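Chemist: Predicted coordinates and the sequence they were generated for:
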Amino acid sequence: MKALQEKILTDGIVLSDTVLKVDTFLNHQMDPVLMKEIGEEFGKRFEKEGITKILTIESSGIAPAIMAALKLNVEMVFARKRKSLTLQDGLITSKVYSFTKKEENEISVAEKFILPIDRVLIIDDFLANGQAALGLMDIVKKAGADVGGVGIVIEKAFQDGGRLVRETGVKVESLARIESLKGGQVTFVPTKQG
Ligand code: 5GP
């Protein structure tokens, strides 16, 4: 997605060979115009998948997920990150190791929000090692529902997540795929659309 790639090039700060900071439009301050376009692009890419619900994880997944939900005319639910390991009634949980925070979170969703009849589109801001996406897929599976796809705003294609998630057979669509962050430079995986 060209507008997103341009925004990454103008605003993205390469913190290291593996971490990109995008706090001017995605991870802290958010750009509503770009977010609307992101939602429309996800909508286009998943409109034929029979999606009935969108699932993301707090907090940075919420904005792109709600925009995609608006476009696909379905409800959106976000998994909560919980510190306590105490189980509560009516929750589906999964363990997710956070790439940026280097800690394990138990994430949870109220079981009433994902039903066995649902076909769920999972959306997240970044795909790095795939732990967040796989944790969300685990929640969908535990709910007895189907995963209809995974939509990612920024995939770091040099990390393992893309391969791990695609290996499950699920359709993965990333709006920007970064090939490398080496030397402080962002380079994208070439696409047919450019
Ligand atoms: P994964 O679970 O795929 O290893 O990592 C995905 C999560 O880690 C995303 O939800 C995102 O919050 C965070 N993340 C991973 N890599 C980056 C990065 O380079 N920059 C930022 N800002 N967040 C990242």
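Modeler: Received it, and whenever you're ready, just let me know what you need. Numbers count the residues shown, from 1 in each chain.
Chemist: what about the most centrally placed residue in the chain, which SS state?
Modeler: Nearest to the mean C-alpha position of the chain, by Cα atoms, centre = their mean, lies Asp124 at 1.3 Å. Judged by DSSP: H, G, I helix; E, B strand; the rest coil, the three-state class of Asp124 is strand.
Chemist: let's number from 325 now, not from 1
Modeler: Sure, I'll start numbering at 325, so the last one becomes Asp448.
Chemist: Find the nearest non-adjacent residue to it, please.
Modeler: Gly385 (4.6 Å; Cβ to Cβ, 6 or more residues apart in numbering). The way it works is simple: take the backbone N, C-alpha and C, and place the C-beta from them, glycine included.
Chemist: And the pLDDT at that neighbour?
Modeler: Per-residue confidence (pLDDT) for Gly385: 97.
Chemist: do the same with the one 4 residues further on
Modeler: If you check Ala389, the pLDDT there is 98.
Chemist: Then Arg406?
Modeler: We have a pLDDT of 69 for Arg406.
Chemist: cool, the one 5 residues further on as well?
Modeler: Among the per-residue scores, Leu411 holds a pLDDT of 57.
Chemist: need the contact list for the residue nearest to Asp462 when sequence neighbours are not counted.
Modeler: Residue nearest to Asp462 in three dimensions, not counting chain neighbours: Ser418, with 4.2 Å by Cβ to Cβ, 6+ apart. Ser418 is in contact with 430-432, 459-460, 462-463, 466, counting by Cβ atoms under 8 Å, 6 or more residues apart in numbering.
Chemist: Try it again at 6 Å.
Modeler: Neighbouring residues of Ser418 by Cβ atoms under 6 Å, 6 or more residues apart in numbering: 431, 459, 462-463.
Chemist: Let me know the closest of those to the ligand.
Modeler: Closest approach between the contacts of Ser418 and the ligand, by Cβ to the nearest ligand atom: Gly459, at 7.6 Å.
Chemist: State the helix or strand in which that closest one lies.
Modeler: According to DSSP states H and E, Gly459 maps onto helix 455-466.
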